[in-house]
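> Starting from these lines, generate the structure:
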Amino acid sequence: MKPELRHALERRRPEIRARWEALLRLEKAPTALARPDTLVYLFDHTLAEVLSPEPGRGARPERVGERPECRSEGNPFRYYFAALEQSLLEALIWAQSEDPALTPTDKVASVGELCQQLRRVARREIGLFDRLCPAMPAEVPEV
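Take a look at the predicted model:
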């Protein structure tokens, strides 16, 4: 991703965080672990990890891939990363619209790179939670 876009997203961090939290609150997650008040302490760390440039990556980006799967419906990261992806993409589109020098190729590439980085982090966190909580039922009972 072009450094200018990365910086634009960093400047939009408060907006991204607010939108992310709003989307999480709309989700009506089935477990207390997936509630925004529980997950809020992870926001800044996750945003920093997703928005940081990845040293050592080749010039050719990897395929974006599918969104990570969760073994359990109660995995809080299922909602957490879906809301983050939407809020980041919204912010990226606004940032792109403010830079007339970006080509269509630049725009598509930045979307792919952002999704790739986000999904890499999401796969790791979702998988870790699934491995730590193997006894969690696949479906969460209604409360």
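> tell me what the helix or strand of the chain with the lowest mean pLDDT is packed against?
One helix or strand of the chain scores below all others by mean pLDDT, DSSP states H and E: helix 36-39, with a mean of 84. Secondary-structure packing of helix 36-39 (3 or more CB pairs under 8 Å, 6 or more residues apart in numbering; DSSP states H and E): helix 13-27, helix 76-97. In this view, the C-beta of every residue, glycine as well, is placed from N, C-alpha and C.
> mind redoing it with 6 Å?
helix 13-27 (3 or more CB pairs under 6 Å, 6 or more residues apart in numbering; DSSP states H and E).
> what sits up against the helix it packs on?
36, 43, 79, 83-84, 86-87, 91 (CB atoms under 6 Å, 6 or more residues apart in numbering).
> one more time with 10 Å, if that's ok
9-10, 12, 34-40, 43-44, 46-48, 50-51, 76, 78-80, 82-88, 90-92, 94 (CB atoms under 10 Å, 6 or more residues apart in numbering).
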